[in-house]
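S.K.: Just a sequence and a predicted model for now, questions to come.
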Amino acid sequence: MTTLPPILVTGGAGYIGAHVVLKLVERGHRVIVLDDLSTGFREAVQGAALVVGNVGDATLVRGLLNEHHIDTVLHFAARTIVPESVADPLRYYGNNTCATRSLLAECAAAGVRRIVFSSTAAVYGIPAGGKADEGTPTAPINPYGSSKLMSEWMLRDLAAAGGPRYVALRYFNVAGCDPAGRIGQSTKNATLLVKVACEAALGKRAQVAIFGTDYATPDGTGVRDYIHVDDLAAAHLDALAYLRDGGESAVLNVGYGHGYSVREVLAAVARAHGAPIPAVEQPRRAGDPPVLVAQADRISSVLGWKPRFDDLDVIARTSLAWERRLERAG
Ligand code: UD1
């Protein structure tokens, strides 16, 4: 049997990338992680080689691709905080769009055959009715979403010109941590609801703000499609298998197809914690859609993806368990 070349995973020391690396390694893939550790963590990379560097460093990327005969790239490296993207748009177009352009140029030159790209539901902006399928017009409302959409376009146009085939996965609201407790979300200055709620549960912050209680939703708070990071990681392995089987390029939502409100999330974290989460009601946060839920049938039919953790309580429990572990580690 011939040994397959290693898979290059950019951003593999970050929250989502590290969960994918863990799964790849478990399945016997050889992995090289490229991460500049600007937001990632060295200790999150388990069982894979780590090269510390930036995905926009063409010389470094060229060397890695050629030296290891890499034919498959999973591209996660990006900045991902929406309000930060509004305050500093060029940083997002630089880190996310320009760096991706540089990576793709090197991939095309080195003959890379497949790319799995980490995209986002933020490409949809505020879709009518709050539900988005892959045909819903893209209309991002912040530079983060635009920076990712521009990367999708480059992938599409490059594939049409004979470049690598790709799967772009549009993530909805990723949450939860490795069910075995090995890695989790260690992000500093977190803004994502589940993480913030877990920090409030453990007294790492005084309270969680509920941004908006007057939306036209059942309990007045925002509704999102929260997907467990382990299921999201599995979707990447399915995408990889699909491309290796000759599947054509595809853009796919990754969500469960149903949503939970902010209050429901806080209640789930409270159940996991065994006590209420201190919360304070605040005005709406700028740029938040009232409802954003995936129409999520396509990924199951195209990739055969089967989620295992479609359960808000599992998301809350695994997130809280990791937060406790961070607390113990000091
Ligand atoms: C956004 C992006 C998503 C991106 C993610 C990470 C959009 C539509 N979505 O998700 O693509 O991957 O950021 O940056 O741009 N909330 C509170 N209190 C808090 C935090 C959040 O009430 O302290 C509420 C929000 O108003 C929202 C929900 O919780 O209704 C989820 O918010 P958050 O976790 O920040 O993610 P999104 O903004 O949905």
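M.R.: In hand now; what should we look at? The structure presented is a predicted model; accordingly, all values stated were derived computationally and were not measured. Residues are numbered from 1 along each chain as shown.
S.K.: Return the residues of this structure in contact with the ligand.
M.R.: Contacts of the chain with the ligand, taken as CB under 6 Å from any ligand atom, map to 80-82, 120-122, 142, 145, 173, 191-193, 196, 208-211, 222, 224, 262, 285, 288-289, 292. (Each C-beta comes from the backbone N, C-alpha and C, glycine too.)
S.K.: quick one: which of these sit in helices?
M.R.: Of those, the ones assigned to helices by DSSP state H are 82, 145, 193, 196, 262.
S.K.: So which of the residues you listed wins on neighbours?
M.R.: In terms of neighbour count, V262 stands highest of those at 25 neighbours, by other CB atoms under 10 Å.
S.K.: That residue reaches L192, doesn't it?
M.R.: No. In this structure V262 lies outside contact range of L192 using CB atoms under 8 Å: 11.8 Å.
S.K.: how near is Y92 to V208?
M.R.: With the distance defined as CB to CB, to the nearest Å, Y92 ends up 26 Å from V208.
S.K.: Oh, that last question was meant for V174, not what I typed.
M.R.: Taking CB to CB as the measure, V174 falls 18 Å from V208.
S.K.: do the same with G135
M.R.: As judged by CB to CB, G135 and V208 stand 35 Å apart.
S.K.: So which of those two has more stuff around it?
M.R.: Remark: of G135 and V208, V208 carries more neighbours, 24 against 9, as counted by other CB under 10 Å.
S.K.: Quickly list what that one is bridged to.
M.R.: Listed beta-bridge partners, V208: A279 (assigned using DSSP bridges).
S.K.: what's it in contact with, if anything?
M.R.: 193, 196-197, 200, 266, 277-280 (CB atoms under 8 Å, 6 or more residues apart in numbering).
S.K.: 6 Å instead?
M.R.: 196-197, 200, 279 (CB atoms under 6 Å, 6 or more residues apart in numbering).
S.K.: Closest one of those to the ligand?
M.R.: V196 (4.3 Å; CB to the nearest ligand atom).
S.K.: pLDDT score for the closest residue to that closest one other than its chain neighbours?
M.R.: Nearest residue to V196, sequence neighbours excluded (CB to CB, 6 or more residues apart in numbering): V208, at 5.2 Å. On pLDDT, V208 comes in at 98.
S.K.: L312 contacts A267, correct?
M.R.: No. Using CB atoms under 6 Å, L312 is not in contact with A267, being 8.7 Å away.
S.K.: and the two? which has more neighbours close in?
M.R.: Per other CB under 10 Å, whichever of L312 and A267 has more neighbours is L312, with 22 against 18.
S.K.: contacting residues around whichever residue of the chain sits closest to the ligand?
M.R.: Residue of the chain nearest the ligand, by CB to the nearest ligand atom: G222 (2.4 Å). Contacts for G222 were tallied using CB under 6 Å, 6+ apart; they are 215, 262, 288.
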